[in-house]
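[1] give me coordinates for this.
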Amino acid sequence: MHMTSEQKKEEIRRMSGVDTRKCMKCGKCSASCPSFDEMEYHPHQFVAMVTKGDIDRLMASPSIYYCLSCFACVERCPRGVEPAAVVEAIRNMAERQQGGTYLSPDEIPEKIDGSVPQQALVSAFRKYRK
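    Below you'll find the predicted structure:
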């Protein structure tokens with residue numbers, strides 16, 4: 001079933017449990033993001049783009065896979081917006097639309113080096129499995 005932009009926006013809000021309209025665009029979430037330099041769109045931009053209904057660009061961006069789910073953005077937000085939950089909801093919507101997962105278990109070992117925290121590995125297995 002094809003969803004309209006408005007339907008996608010409401011589905012992201014429902015899946016994440018986040019009212020993106022509460023964001024005041026202060027950028028504290030993005031300033032605390034350890035993946036900031038790797039991302040095409042940053043946490044505050046995810047929230048703003050969902051508010052505008054620009055979901056398709058977010059779903060097509062590799063930035064949805066760079067979020068470490070460390071929740072630094074959540075801790076810094078003065079309004080209680082949870083950008084990490086928004087990113088995860090977008091990632092889940094993209095995976096459902098693709099009908100599969102972004103990484104197969106066989107591809108994960110080649111992505112691992114000594115700098116990957118264990119939390120990221122556990123999170124990856126949880127998020128990228130069917």
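[2] please name every helix or strand in contact with the single longest helix found in the chain.
    The longest helix of the chain (DSSP state H) is helix 83-98. Where contact means 3 or more Cβ pairs under 8 Å, 6 or more residues apart in numbering; DSSP states H and E, helix 83-98 is packed against helix 5-16, helix 43-52, helix 55-60, helix 72-76, helix 118-128. Where you see a C-beta, it was placed from the backbone N, CA and C, and this is true even at glycine.
[3] give me the contact list for that helix.
    Residues outside helix 83-98 that contact it (Cβ atoms under 8 Å, 6 or more residues apart in numbering): 8, 11-12, 15-18, 20, 29, 43-44, 46-47, 50, 55, 58-60, 63-65, 67, 69-71, 73-74, 77, 101-102, 127-128.
[4] at 7 Å what do you get?
    Here helix 83-98 makes contact (Cβ atoms under 7 Å, 6 or more residues apart in numbering) with 11-12, 15-18, 20, 29, 43-44, 46-47, 50, 55, 58-59, 64-65, 67, 69, 71, 73-74, 101-102, 127.
[5] and it, average pLDDT?
    Here helix 83-98 scores 88 as its mean pLDDT.
[6] buried residues of that helix, list them for me.
    Within helix 83-98, the residues that count as buried by 16 or more other Cβ atoms under 10 Å are 83-95.
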